[in-house]
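S.K.: Here is my input; please provide its structure:
(4 chains)
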2 protein chains.
Amino acid sequence: MAIDGILAKRLDNFVSLDPDEHALLARLTSERVRRSAARTDIVREGEPTHVLRLFLSGWACRYRTLEDGRRQILAFLLPGDLCDLNNYVLSELDHSIGALTPVQYVEIQHDRVAQLMADRPRLAQAFWWHMLTSLSIQREWTLNLSRSAFERIGNLFCELFFRLRAVGLTQGRRYDLPITQIEMAEATGLTPVHVNRTLQEMRSEGLIILKERVLDIPDIAALQQAVLFSPTYLHLRLAAASSSATMGARQVAESG
Amino acid sequence: MAIDGILAKRLDNFVSLDPDEHALLARLTSERVRRSAARTDIVREGEPTHVLRLFLSGWACRYRTLEDGRRQILAFLLPGDLCDLNNYVLSELDHSIGALTPVQYVEIQHDRVAQLMADRPRLAQAFWWHMLTSLSIQREWTLNLSRSAFERIGNLFCELFFRLRAVGLTQGRRYDLPITQIEMAEATGLTPVHVNRTLQEMRSEGLIILKERVLDIPDIAALQQAVLFSPTYLHLRLAAASSSATMGARQVAESG
DNA sequence: CGTGCAATTGATCCATTTCAAGGGCCGTGG
DNA sequence: CCACGGCCCTTGAAATGGATCAATTGCACG
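M.R.: Numbers count the residues shown, from 1 in each chain, chains lettered A, B, ... in the order given. Predicted structure coming up:
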């Protein structure tokens, strides 16, 4: 899938865009592509930012570091994700954004976004949807407070599966998971050691196959059930998101 | 403080509204006041909602219940807070909203909000600010994943202090905290038993005085420092919100 | 060939949970 | 007026999920 269609693909999860709107998005995202190396910051806490960023490839994350060094990953930013849609209202960021892998992204001036939203109500709605979805995801992450280690990691894997699939970045039951166990730990609020042991537990139960940064989920429905995951909070279009997943799961369950 | 000025007071934390805008808000919030009894649901998960709600008095919360009964409080809704600004985009809620105490609120039709935002860019910005602030708060709550019980509860108390003060609901160092320890547990992801013991620890360290649903924080700066709380994520106007607090912090740091 | 980082394993420790029970307060009903 | 049940807070003792500390392996890279 061409990189320049990824925003359209992402927003398409909410509204059906017409060719005209597709063209507008394509133009918007044909700016000079920027790159950041793995493990470098894209925006640092406290910095004023003036642009909206659209991620084209690679993984990034929002994170905050506490004074004593603990780091918490607040969200994963995947291809097709926007960030800092906000800061034409709030002028500075209260957390940082860092690249986990090499990433490509484009920067879009806020006034162009504002213009687009004013001209195209449907695109405006799509942007709102994107923002509200991040909020919804953030809420789901706070649910981790009452989840066990097993559930936290399982939920993370499920979420990533559905989000990546929505932009065409899964291969069947598999997807690239280019993050370390340390980063999984930072995202879930666990210790790397404990993440490791929990992964082994999930492996031994046959729920996942994780090897060389590729995650294979033999039976997504089984995993969902084991960790009480439900994808509704992602607000993906049902037709695309759930049906084939549950179908796939059913097939696997039958064949396995 | 008059209840009908509370939204203006809240939004004033971000932009200075002129008398005209104050009047508009006053008209908007003069709808029939609705009431919900303590411990009842205002909106239930999955229900479609068509209105924006503004809370006038009492405490409510967003929460989600997992299949096995665990309940997680996702946010506290205080007087002056809006909820469901979202759902003119997302049509149904993925969590519930419940009253913790008797609450009063007004319902505002979405088209009136849309109209207002179209006519008054400054109000539109203020609404955006409100929404982005909730997102920011939600991020801060996910930070609890890497915080200890002591820090979680302390952070909660600090957040509530600053938020309540921003709408004039603190009395000096004190404020009404009309929730049970069980609810604190649900908000922080801890056990009621452990919340109880942690509260006693905070009391014994002289950080809080909590009696008969009134919380007294003798030295807010000391508490902030003890639990690594910083109010920036609330995006309150600095003049009103943080200056006195950070000044206090500096004093304590020097004297301690 | 060393250096560094990610994954793994073992042993121990501790924060938090779980289970269980008692006390205070309050509204209700006999 | 007192007895009762219900809810909230409190306390104790025991169990455990997850943290901490420490060390080993494997692999990629200069």
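S.K.: residues from the stretch 51-200 of chain A in reach of chain B?
M.R.: The stretch 51-200 of chain A has residues A:62, A:64, A:66-68, A:70-72, A:74-75, A:86, A:89-90, A:94-95, A:125, A:128-129, A:131-136, A:138-139, A:141-146, A:186, A:188-189 near chain B, with proximity defined as CB under 8 Å from any CB of the partner chain. In this view, the C-beta of every residue, glycine as well, is placed from N, C-alpha and C.
S.K.: Give me the subset of those residues lying in strands.
M.R.: A:R62, A:R64, A:R71, A:Q72, A:L74, A:A75 (DSSP state E).
S.K.: Distance to B:G80 added to those residues, as TSV?
M.R.: As requested, those are exported to TSV (distance: CB to CB, whole Å):
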residue	distance to B:G80
A:R62	27
A:R64	26
A:R71	33
A:Q72	28
A:L74	26
A:A75	27
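S.K.: Tell me the predicted confidence for the closest residue to A:L135 other than its chain neighbours.
M.R.: Excluding the flanking residues, the one nearest A:L135 by CB to CB, 6 or more residues apart in numbering or on different chains is B:L135, at 5.0 Å. Per-residue pLDDT puts B:L135 at 94.
S.K.: mind listing what B:L135 touches?
M.R.: Applying CB atoms under 8 Å, 6 or more residues apart in numbering or on different chains, we find B:L135 in contact with A:N86, A:M131, A:S134, A:L135, A:Q138.
S.K.: Among these, name the buried ones.
M.R.: The neighbour count (16 or more other CB atoms under 10 Å in any protein chain shown) marks A:N86, A:M131, A:S134, A:L135, A:Q138 as buried among those.
S.K.: Including pLDDT, distance to DNA strand D and neighbour count, could the ones in strands among the residues of the stretch 51-200 of chain A next to chain B go into a markdown table?
M.R.: Shown next, in a markdown table, are those (pLDDT from 0 to 100; distance: CB to the nearest atom of the strand, whole Å; neighbours: other CB atoms under 10 Å in any protein chain shown):
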| residue | pLDDT | distance to DNA strand D | neighbour count |
| --- | --- | --- | --- |
| A:R62 | 97 | 20 | 22 |
| A:R64 | 97 | 17 | 19 |
| A:R71 | 97 | 12 | 17 |
| A:Q72 | 98 | 12 | 23 |
| A:L74 | 98 | 17 | 22 |
| A:A75 | 98 | 19 | 20 |
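S.K.: which pair in these spans the largest distance?
M.R.: Using CB to CB, the pair of these lying farthest apart is A:R71 and A:A75, separated by 13.4 Å.
S.K.: can you list the domain ranges for chain A.
M.R.: Listed by automatic domain parsing, the domain ranges of chain A are A:3-143, A:147-255.
S.K.: Which one, of those, ends up nearest to B:R120?
M.R.: domain A:3-143 (14.6 Å).
S.K.: The closest one near DNA strand C anywhere?
M.R.: No: Domain A:3-143 does not reach DNA strand C (CB under 7 Å from any atom of the strand); its nearest approach is 7.7 Å.
S.K.: Off-centre distance for that domain?
M.R.: 10 Å (CA atoms, centre = their mean, to the nearest Å).
S.K.: same deal with stretch A:223-241?
M.R.: Put simply, stretch A:223-241 sits 14 Å off its chain's centre (CA atoms, centre = their mean).
S.K.: Can you tell me which residues in the stretch 151-256 of chain A are near DNA strand C?
M.R.: Near DNA strand C, when you scan the stretch 151-256 of chain A using CB under 7 Å from any atom of the strand, you find A:T180, A:Q181, A:I182, A:P192, A:V193, A:N196, A:R197, A:L199, A:Q200.
S.K.: ok, and which of the residues you listed reach DNA strand D?
M.R.: A:V193.
S.K.: Can I get the residues of the stretch 151-256 of chain A next to DNA strand C in CSV including neighbour count?
M.R.: Listed next are these as CSV, based on neighbours: other CB atoms under 10 Å in any protein chain shown:
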residue, neighbour count
A:T180, 13
A:Q181, 18
A:I182, 13
A:P192, 14
A:V193, 10
A:N196, 15
A:R197, 13
A:L199, 18
A:Q200, 11
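S.K.: would you turn the residues of the stretch 151-256 of chain A next to DNA strand C into JSON lines with pLDDT and secondary structure?
M.R.: Shown next, in JSON lines, are these (pLDDT from 0 to 100; DSSP: H, G, I helix; E, B strand; the rest coil):
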{"residue": "A:T180", "pLDDT": "98", "secondary structure": "coil"}
{"residue": "A:Q181", "pLDDT": "98", "secondary structure": "helix"}
{"residue": "A:I182", "pLDDT": "98", "secondary structure": "helix"}
{"residue": "A:P192", "pLDDT": "98", "secondary structure": "helix"}
{"residue": "A:V193", "pLDDT": "98", "secondary structure": "helix"}
{"residue": "A:N196", "pLDDT": "98", "secondary structure": "helix"}
{"residue": "A:R197", "pLDDT": "98", "secondary structure": "helix"}
{"residue": "A:L199", "pLDDT": "98", "secondary structure": "helix"}
{"residue": "A:Q200", "pLDDT": "98", "secondary structure": "helix"}
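S.K.: mind checking pLDDT for the residue nearest to A:I6 when sequence neighbours are not counted?
M.R.: In this structure, A:I6 finds its nearest non-sequential neighbour in A:G80, 4.5 Å apart by CB to CB, 6+ apart. Note on A:G80: pLDDT of 95.
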